[in-house]
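A.B. asks: no sequence for this one, just the structure:
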């Protein structure tokens, strides 16, 4: 699943302006997860700092900084640390795609975490109290974080039963732990990109593991090995685009509320 969505309008080297304070930081594994959100930012910029790509700009009155971590716990942890050191946000949101673990969670549904667990016995309750009445397609509950991508319906069902979780991802707990240790506000907002009934194609491992510049090559390589994977990867790409649009719409309200809660200097 390559990401050929348009780059943000302006790319700049690291300078004092890029390193300025942001009100809110976002951590996502892949650019495609937040591409529609980035299109809504004013005066967007991009730079590379160390091993990570940063993007951001103004979102209405809020200054937002986004770091693309790449998949996995360790990268998400390092990316969050880099984000906090470079931009000192008051709040950080772990956001992006997730797999649904219950039948009621469908493609494009939103999960707001009130707790995050993993398969190694770590469990973190979050300082988040959801409204009593949630809009249709929005859920609040536990996320479970795993070490490797969960592909099959059977694996998802087993995770749901073992951890009483709504959805699964690879990064949220790492971001939460860094924010807790640094005393920074945290939220996890995930959008369902594959529901409980969806088995991801086996090629997804090689595509997501590749660096951004090599994802097209990884996808093409998958076609040579299994020509039928074209339809699977194309469908997955369309689902990802739909989910990313849904996430961008929901983040409108999240950014507004978080920015409104920040006390003026």
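C.D. replies: Happy to help now that I have it. What you see is a predicted model, and the numbers here were worked out from it, not measured in a lab.
A.B. asks: Residue ranges in the stretch 151-265 of the chain under the pLDDT threshold?
C.D. replies: Scanning the stretch 151-265 of the chain with the threshold set as pLDDT under 70 gives 203-230, 232-234, 263-265.
A.B. asks: Residue 165 touches residue 101, doesn't it?
C.D. replies: Yes: contact criterion Cβ atoms under 8 Å: residue 165 and residue 101 qualify, at 5.6 Å. C-beta: built from backbone N, CA, C; applies to glycine.
A.B. asks: Now for the two: what residues contact both?
C.D. replies: Counting by Cβ atoms under 8 Å, 6 or more residues apart in numbering, the shared contacts of residue 165 and residue 101 are 144, 159.
A.B. asks: Look up how far residue 141 lies from residue 182.
C.D. replies: Here residue 182 is placed at a distance of 25 Å from residue 141 (Cβ to Cβ, to the nearest Å).
A.B. asks: So those two - more neighbours on which side?
C.D. replies: When neighbours are counted by other Cβ atoms under 10 Å, residue 182 and residue 141 differ, and residue 141 comes out ahead with 17 against 14.
A.B. asks: Bridge partners for the more buried one, pull those for me.
C.D. replies: Counting by DSSP bridges, residue 141 is bridged to residue 113.
A.B. asks: which helix in the protein runs the most residues?
C.D. replies: helix 229-261 (DSSP state H).
A.B. asks: Pull out the buried positions in it.
C.D. replies: Within helix 229-261, the residues that qualify as buried are 229, 232-233, 236-237, 239-241, 243-248, 250-251, 254-255, 258-259, counting by 16 or more other Cβ atoms under 10 Å.
A.B. asks: What segments of the stretch 51-200 of the chain are helices?
C.D. replies: For the stretch 51-200 of the chain, the helices defined by DSSP state H, counting those that start in this stretch occupy 73-87, 153-163, 172-182.
A.B. asks: Output the contacting helices and strands for the longest one.
C.D. replies: Just to be clear, that refers to helix 73-87. strand 24-28, strand 52-59, strand 62-68, strand 91-100, helix 172-182 (3 or more Cβ pairs under 8 Å, 6 or more residues apart in numbering; DSSP states H and E).
A.B. asks: Kindly calculate the angle that the second one makes with strand 62-68.
C.D. replies: Put plainly, it is strand 52-59. Using axes from the mean of the first three to the mean of the last three Cα atoms, to 10 degrees, the direction of strand 52-59 lies 160 degrees away from that of strand 62-68.
A.B. asks: cool, the longest one as well?
C.D. replies: Angle, helix 172-182 to strand 62-68, by the same axes, to 10 degrees: 130 degrees.
A.B. asks: ok, residues contacting helix 172-182?
C.D. replies: By Cβ under 8 Å, 6+ apart, helix 172-182 touches 27, 73-74, 76-77, 80-81, 84, 92, 94, 113, 116-118, 122, 124, 126, 143, 145, 184-186, 188, 190.
A.B. asks: and what of the shortest one?
C.D. replies: Contacts made with strand 24-28 from outside it, assessed by Cβ under 8 Å, 6+ apart, are listed as 34, 37, 59, 62-69, 76, 79-80, 83-84, 87, 89-96, 171, 175, 251, 255, 258-259.
A.B. asks: same check, this time on the second one
C.D. replies: Residues from elsewhere that reach strand 52-59, judged by Cβ under 8 Å, 6+ apart: 8, 18, 22, 24, 31, 34, 38, 40-48, 63-70, 78-79, 82-83, 86-87, 212, 255.
A.B. asks: go on, the third one?
C.D. replies: Counting by Cβ under 8 Å, 6+ apart, strand 62-68 makes contact with 20-31, 34, 37-38, 41, 52-58, 79-80, 82-83, 86-87, 89, 255-256, 258-259, all of which sit outside it.
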